[in-house]
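Participant: turn this into a structure:
(chains A and B)
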2 protein chains.
Amino acid sequence: MRRYLDQVTLGQAVECMITSFPPPGRTARVPILQAEGMITAAPVYAGYTVPIADVAAMDGFAVSSQETTGARDQVPVSLSSSVPVNTGNLIPSGCDAVVMIEDCWLEGGRPQVRKAVAPGTNIRRKGEDLSGGEQILPGNHLIRPTDISALAACGITELEVKQISIGVIPTGSELVVSGTSPMPGQVVESNSVMIEAMLGGGGVVCTRYPHVPDDPDLIREKVAACTGVHDLVIITGGSSAGTRDYCETALTGLGEVLFHGVAIKPGKPTLLARVHEQPVIGLPGYPLSAHLILRELIIPLLRAWGLAKPLAGNLCRVELGQKTFSDCGIDEFINLSIGRVSGRYVGLLQPRGAAVQMSLVRSNGYVHIPAAVEGYEAGTAVDAVVTTGMEEIERTLLIAGVHGEPLDLLGSVIRQQGGTLLPCFCRRENGIQALIQRICHAAMIDSPIPNRGPPRPTIRIPFGSQGLATLHLAKQQVGIVSREGLGIEDLPGRTMIGMPTGSPEEEVFMNALRRCRVIDASTTIRTADVMKHTGEIARAVRDGLANAGIGTSQSAAPFDLSFVPLGLISYDLLIDEDLCEDEPIAGLIRAISSPRYRMALKESGYISDFTGEIYHLPPCPGVGPCDEIPWRARS
Amino acid sequence: MRRYLDQVTLGQAVECMITSFPPPGRTARVPILQAEGMITAAPVYAGYTVPIADVAAMDGFAVSSQETTGARDQVPVSLSSSVPVNTGNLIPSGCDAVVMIEDCWLEGGRPQVRKAVAPGTNIRRKGEDLSGGEQILPGNHLIRPTDISALAACGITELEVKQISIGVIPTGSELVVSGTSPMPGQVVESNSVMIEAMLGGGGVVCTRYPHVPDDPDLIREKVAACTGVHDLVIITGGSSAGTRDYCETALTGLGEVLFHGVAIKPGKPTLLARVHEQPVIGLPGYPLSAHLILRELIIPLLRAWGLAKPLAGNLCRVELGQKTFSDCGIDEFINLSIGRVSGRYVGLLQPRGAAVQMSLVRSNGYVHIPAAVEGYEAGTAVDAVVTTGMEEIERTLLIAGVHGEPLDLLGSVIRQQGGTLLPCFCRRENGIQALIQRICHAAMIDSPIPNRGPPRPTIRIPFGSQGLATLHLAKQQVGIVSREGLGIEDLPGRTMIGMPTGSPEEEVFMNALRRCRVIDASTTIRTADVMKHTGEIARAVRDGLANAGIGTSQSAAPFDLSFVPLGLISYDLLIDEDLCEDEPIAGLIRAISSPRYRMALKESGYISDFTGEIYHLPPCPGVGPCDEIPWRARS
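Facilitator: Numbers count the residues shown, from 1 in each chain, chains lettered A, B, ... in the order given. From the prediction side, this is the model:
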């Protein structure tokens, strides 16, 4: 069994990459309008002089300035030899100034002026902008929109820019092409898309090849064919130490492996080889690992090669929301959702699983835990890297707690208002605790409520936490979906697809079972499977995987299933009354009250009877003081 | 004669635009890899569950966790029913955990473990990332590279994004197409390129139409044809009050003019009309005016329409280098070159001519002088907007003084080092004064030096300014270029193309005339023209516009002209010895000493004998104390 014998540190890996491979020196000729974000390969010179002759800088009359001598408010001068000119017109010979149209009036067909003008007034001198042959842009210059328009004005329609060509070879027998539905055990090949999305543009051209199965000969063949064509070859997957990881084997026969294994998390199984003097990188297969290696190793290489790949972002001092551990000797990177709560910046840790792409989607920054540090306590102030602008951080709403579609729908409305809603999914109690600790703006709660009776959920607030309030989002009917119109009495002896234990749907179902005395023991209902999403459950019931499932009328309709309601789920946000008027929370309240949001809820089958009130929650005497609850994702 | 009767303020103009025209609501379906920087038109949902079943999160052996109970360092357990799995493989039934390959070894064909594992260890749970039907991205979301790869992983290959279609109609009978050389009085149409470069992308699609001559009927016809097709129509040029400005006339017959004239500088002649319920904007023709209106009026409209056009940049407190005046009642914007000199941020004003595109190329920020302010004294601290990142400001070299190709060539080398060189062209004395006032990093000087004698220029430093030093860049031979091999004695009676008075080339020539006793009066040499660039002069001599011209051997060669040397010009940078080790200046010295720069100079025909020394300059006793010299561009 192989191990990473040659594991290097992150710093060593970057240095090895940069010192082993000098800039490839590839250039390409592109039309100016495609050149934004690219780098000039050489200085660019003006094709002609701009303007090519003295021209009028204003609409008015070209005059000999001598003729205006002595003109004053009380003593206007009548111009004998003036020529009407528009902006850009050539200055006629004999004239050396332009009087603005606003400063003249006609009398007897002749323009009159009240003010003397000096020679050169309102004239654009030949070459004022540039002389022909003068430099417009230096070499190695990052081309901006304003540069493009200057190039166009100086006669340049295309120019030579730096280019890097990257060949991407996905490997893995388990891969299927993006756009097809994977079968169990199959994985959609999306890392090559990530590579092109992250590295492409600005002069970097990615060529994505079809994936190669786990066969060292096929991989070797493909790499050998690519190294002559591209400046950098990236192999995704197969760089680990498993029985099917042929990346190293394939490369060893072809060139020299410079390192295999980087002390970085995620991203350890990374490999660098030199094949025909060119770099070949074996990128780990997990999306977050691949992402980190692209950001921390490959973008620095592209920068060293003179491309304008921006660094991740600015630093921001944040208070970490949760405790985190890190292995000593490993540079570790954890994605954060950063927002400003109660006057200070807070970073909530996103799940660390290297496969969970959504943790990148839901984050706006990250923290680097250096190799020498073993982790941080909750509340530690660290320098986080912000991957969006700081203005966006100011407008970011951090919402801890459970997942629910009403929160997803709210996200679109918040974005419409110019804000960002970042959910940090955890158990209900963790969400409430996060709110009490003021490390989030609101906590999302879903709770079963009876079909009749008080319309608000009973939320148990720890003793000693004052000033919490609820904002009601929506309610939803939950019930049984089936092909045959089954009610709760019909379930014994049938198979059923349930929701995870602890989910409000499951609670509604269990409450209904308890209410419905005809059923003695729930064991008589067999659980075929557990699914998290009502749409999935309905599809499975339609497909005959079970007799019935927990669902909503909305989920039943598209599959032509019947729906028998059992109870309601209420979705609510908990907020801190003291912070109601702070901007992101005030924006949240506006969004929840907006007709747009109420409409979106109704369209998705929710009961939306919000009237805009904020309900104060008294601390619940039965619940003890706020102890530390270990932060945990909801299963 | 018309005036701007309906002039509005900048704030009124923006409000009028936004309140008069609600978001058009256009969307388009694009492949995910083209979607970066665009905005989702609706929430995007996962096509399937990721992962679709429980899979191994590590390479190793799938086991029943119960079997590992009791395994310890001293008491390894031999696994009877384990199944080798690679990352991503399905978990076989009966197994509920994966032991990492690193934690096992084989003995008698069976894996041995030293550590018990809990159920679920190293297993990626079905739906860990997302369940089928769950939201990947909300609506109104700015799509980042990381989002694209999450979309690909969840089965999305294309998505619906917001789109704005802009039709661009350049007007003006003087216009010629970019890429052709303009004749005197013609102007290359480049504003439509600016519009596409500044507004295009991120969901904005610009259609540039061929230019329309100054004819109100043709303009009206074109606008009428465009308003049904695009969401916004921009007419460039013709929006002023000249005799050929038909924009308002054309629009009045078609719709309602909402305003004509904005109290903003540059950019006053801007027009907004409503035609068929759609906005039509008349953009002024001067490039800097057009640029300002795009930035201050049209980008805010696109933002209000939900597009992700970024604002110009962050604020930075800078000390203004020069005095500036502004008209009361006008919002004025002046481009700045910003850098950090001697520990504080300085902003040098770029020329304000609305036609000078190079002032945008040479700036990295701007200052907004509000309508109520009449200008600022030199040294005033103002909030400037930085249009590049702050890191680039830190690495920006501000160089005041004269223009010269050795400075242009240096710019490419500085960029190669990761820095930026921004020249602020002014007269030699202004450059020296700027250096003494520490509002630039270095001052560029060109001076004629004798062909023989001391190799350094005599630079007259004002009395009282201590610690200045020169960095020599290069020397260049200047002489006479002609078709017939003319020397200075042959010039009387001939026509000659000169360089502007005060240029070092002209000084070399005048010195040579003085040295050469055969000529009694320079009046016997007729000046055919004055040009700024030796390449231009050589081309004109080749074309027979004069018998001879001032030039260099480099400029003579491509036109097959002969060259008779007359004297040398020395190009030098003045720096402040005390700041030599501050980063941008240290980088400047590295760049000047680099083989790459010496090579570039030689290739361009310069004499490059720099040895790396810094020459200390004693104050010149003959020159008075440092008085304020009015800042003026060199003519």
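Participant: switch to C-alpha atoms for all contacts and neighbour counts from now on
Facilitator: Will do.
Participant: quick one: secondary structure of the nearest residue to residue A:315 once chain neighbours are set aside?
Facilitator: Closest residue to residue A:315 apart from its sequence neighbours, by C-alpha to C-alpha, 6 or more residues apart in numbering or on different chains: residue A:385 at 4.6 Å. Three-state assignment for residue A:385 (DSSP: H, G, I helix; E, B strand; the rest coil): strand.
Participant: okay, now residue A:385: neighbour count?
Facilitator: 22 (other C-alpha atoms under 10 Å in any protein chain shown).
Participant: do the same with residue A:235
Facilitator: Neighbour count of residue A:235, defined by other C-alpha under 10 Å: 26.
Participant: check whether the helix or strand harbouring it contacts chain B.
Facilitator: Assigned by DSSP states H and E, residue A:235 belongs to strand A:232-236. No. Using C-alpha under 8 Å from any C-alpha of the partner chain, we find that strand A:232-236 stays clear of chain B, coming within 13.7 Å at best.
Participant: so what's residue A:576 bridging to?
Facilitator: Residue A:576 has these beta-bridge partners by DSSP bridges: residue A:468.
Participant: for it, which residues are in contact?
Facilitator: A:435, A:436, A:441, A:442, A:467, A:468, A:469 (C-alpha atoms under 8 Å, 6 or more residues apart in numbering or on different chains).
Participant: give me the nearest residue to the last one, chain neighbours excluded.
Facilitator: Translated: residue A:469. Of all residues not flanking residue A:469 in the chain, residue A:616 sits nearest, at 4.2 Å (C-alpha to C-alpha, 6+ apart).
Participant: distance between the host helix or strand of the one you found and the chain's centre?
Facilitator: Assigned by DSSP H and E, residue A:616 falls within strand A:615-617. From the chain centre to the centre of strand A:615-617 is a distance of 35 Å (C-alpha atoms, centre = their mean, to the nearest Å).
Participant: quick check: the residue nearest to residue A:469 vs residue A:448, distance?
Facilitator: 20 Å (C-alpha to C-alpha, to the nearest Å).
Participant: those two: which has the busier surroundings?
Facilitator: Shown here are residue A:616 and residue A:448; by other C-alpha under 10 Å, residue A:448 has more neighbours (25 against 16).
Participant: leaving out sequence neighbours, find the closest residue to the more buried one.
Facilitator: Per C-alpha to C-alpha, 6+ apart, closest to residue A:448 is residue A:569, 4.4 Å.
Participant: thinking again about what came up before, let's see the ChimeraX selection covering just the buried ones among the contacts of residue A:576.
Facilitator: Selection of buried members from those for ChimeraX, criterion 16 or more other C-alpha atoms under 10 Å in any protein chain shown:
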select /A:435,436,441,442,468,469
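Participant: nearest to residue A:314 among the contacts of residue A:576?
Facilitator: residue A:441 (23.0 Å; C-alpha to C-alpha).
Participant: list the contacts for the closest one?
Facilitator: With contact set as C-alpha under 8 Å, 6+ apart, residue A:441 has these partners: A:341, A:397, A:398, A:399, A:435, A:575, A:576, A:584, A:585.
Participant: could you identify the most distant pair in the residues you listed?
Facilitator: Longest distance between any two of these is 14.3 Å, between A:435 and A:584; criterion C-alpha to C-alpha.
Participant: quick revisit: which ones among the contacts of residue A:441 map onto strands?
Facilitator: Residues of the contacts of residue A:441 located in strands (DSSP state E): A:341, A:397, A:398, A:399, A:575, A:576.
Participant: for the contacts of residue A:576, which one is nearest residue B:187?
Facilitator: For the contacts of residue A:576, the nearest to residue B:187 is residue A:441 (56.4 Å; C-alpha to C-alpha).
Participant: gap between the closest one and chain B?
Facilitator: Distance of residue A:441 to chain B, computed by C-alpha to the nearest C-alpha, to the nearest Å: 19 Å.
Participant: one step back: mind checking which of the ones in strands among the contacts of residue A:441 are buried?
Facilitator: A:341, A:397, A:398, A:399, A:575, A:576.
Participant: in the stretch 101-250 of chain A, which spans are helices?
Facilitator: According to DSSP state H, counting those that start in this stretch, the stretch 101-250 of chain A carries its helices in the segments A:145-153, A:191-199, A:216-227, A:247-252.
Participant: how about the CA coordinates for the shortest one, as CSV?
Facilitator: Taking Å, rounded to 0.1, in the frame of the first residue of the first chain, the C-alpha atoms of helix A:247-252 are listed here in CSV:
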residue,chain,number,x,y,z
CYS,A,247,-2.0,9.1,-12.1
GLU,A,248,1.5,8.6,-10.6
THR,A,249,2.1,5.3,-12.4
ALA,A,250,1.2,6.9,-15.7
LEU,A,251,3.4,9.9,-15.2
THR,A,252,6.4,8.0,-13.8
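Participant: which is the next helix or strand following that helix?
Facilitator: Downstream of helix A:247-252, the first helix or strand assigned by DSSP H and E is strand A:256-260.
Participant: what strands line up against that next one, and which way round?
Facilitator: strand A:271-275 (antiparallel).
Participant: so what does the following helix or strand past the strand it pairs with touch, helix or strand wise?
Facilitator: For strand A:271-275, the following helix or strand on the C-terminal side (DSSP H and E) is strand A:278-283. In terms of contacts (3 or more C-alpha pairs under 8 Å, 6 or more residues apart in numbering or on different chains; DSSP states H and E), strand A:278-283 is packed against strand A:232-236, strand A:271-275.
Participant: out of the ones you listed, which is the most enclosed?
Facilitator: strand A:232-236 (a mean of 26; mean count of other C-alpha atoms under 10 Å in any protein chain shown).
Participant: for it, enumerate the helices and strands it packs against.
Facilitator: strand A:164-170, helix A:216-227, strand A:278-283.
Participant: dump those into JSON lines; add mean pLDDT and mean neighbour count as well.
Facilitator: Output for the helices and strands packed on strand A:232-236, formatted as JSON lines (pLDDT from 0 to 100; neighbours: other C-alpha atoms under 10 Å in any protein chain shown):
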{"stretch": "strand A:164-170", "mean pLDDT": "97", "mean neighbour count": "24"}
{"stretch": "helix A:216-227", "mean pLDDT": "94", "mean neighbour count": "18"}
{"stretch": "strand A:278-283", "mean pLDDT": "96", "mean neighbour count": "26"}
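Participant: before we move on, back to that, what does the strand holding residue A:616 rub up against?
Facilitator: A:461, A:467, A:468, A:469, A:470, A:471, A:577.
Participant: isn't residue A:440 up against residue A:344?
Facilitator: No. If you go by C-alpha atoms under 8 Å, residue A:440 and residue A:344 don't touch, sitting 11.0 Å apart.
Participant: can you list the residues of the stretch 151-300 of chain A near chain B?
Facilitator: Going by C-alpha under 8 Å from any C-alpha, the residues of the stretch 151-300 of chain A near chain B are A:152-157, A:178-191, A:193-194, A:196-198, A:241-244.
Participant: looking at these, which are in strands?
Facilitator: Reading strands off those with DSSP E, I get A:187, A:188, A:189.
Participant: quick one: which of the residues you listed has the most company?
Facilitator: Counting neighbours by other C-alpha under 10 Å, residue A:189 leads those with 27 neighbours.
Participant: so what's it up against?
Facilitator: Residues counted as contacts of residue A:189 (C-alpha under 8 Å, 6+ apart) are A:170, A:175, A:176, A:177, A:178, A:211, B:152, B:153.
Participant: likewise for residue A:78?
Facilitator: Residues counted as contacts of residue A:78 (C-alpha under 8 Å, 6+ apart) are A:110, A:111, A:112, A:113.
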